[in-house]
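> Give me a 3D structure for the following:
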Amino acid sequence: MLPVSFDEYQKAISDLKRGNSASLDDISTNLLKKISGVIYEPLAHVINTSIKNDVFPDLLKKAKIIPIFEIGEAQDPNNYRPIALLSPLVEVFENIMKYRLTSFLEKINFFRSSS
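The predicted structure follows:
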């Protein structure tokens, strides 16, 4: 697989939804968008090494769990559902892999109509 290009990386960053919620690494998507040019080389290195070695970094597998109130009594823990906040770095990685997989599937005509 080819190394991550700057254009591919920039598209993955620009496709992130803006937000101030920070994960365990205290990085929000807004912050990531602001520093994306500065961290391109080290982040591309991590992504390329991960792809090359078929290993996803353990630190990016951790999430901050936030309870979201649904309905009923606020004191009852059963009235909350958990959401997991992953690092936006995970979403950058996922976006890059999604673009590559979609491009490959289109190239082999995977989505063509069978009728």
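
> which stretches of the chain aren't confidently modelled?
114-115 (pLDDT under 70).

> And the strands in it?
Using DSSP state E, the strands of the chain run over 64-69, 80-85.

> Any idea how far the last one is from the middle of the chain?
Okay, so that is strand 80-85. 17 Å (CA atoms, centre = their mean, to the nearest Å).

> Mind listing the strands that strand pairs with, and their directions?
strand 64-69 (antiparallel) (DSSP bridges).

> Columns distance to K98 and mean neighbour count on top of the strands of the chain, output as TSV?
The C-beta positions use only the backbone N, C-alpha and C, and glycine is treated the same way. Shown next, in TSV, are the strands of the chain (distance: least, CB to CB, whole Å; neighbours: other CB atoms under 10 Å):
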stretch	distance to K98	mean neighbour count
strand 64-69	23	11
strand 80-85	19	12
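
> Compare those and report which one is nearest to S14.
strand 80-85 (20.7 Å; CB to CB).

> Now tell me what touches that closest one from outside.
S21, A22, S23, L24, A63, K64, I65, I66, P67, I68, F69, E70 (CB atoms under 8 Å, 6 or more residues apart in numbering).

> got the contact list for the fourth one?
It stands for L24. Per CB under 8 Å, 6+ apart, neighbours of L24: K62, A63, K64, L85, S87.

> quick one: it and L85, what's the gap?
As defined by CB to CB, to the nearest Å, L24 lies at a distance of 8 Å from L85.

> next one: the first one
Between S21 and L85 the distance is 6 Å, computed by CB to CB.

> okay but A44 is in contact with V4, surely?
Yes - proximity of A44 to V4 meets the contact threshold set by CB atoms under 8 Å, at 4.6 Å.

> okay, the two: which has more neighbours?
V4 (21 against 18; other CB atoms under 10 Å).

> So that one sits against I47, correct?
Yes - using CB under 8 Å, V4 makes contact with I47 at a distance of 5.1 Å.
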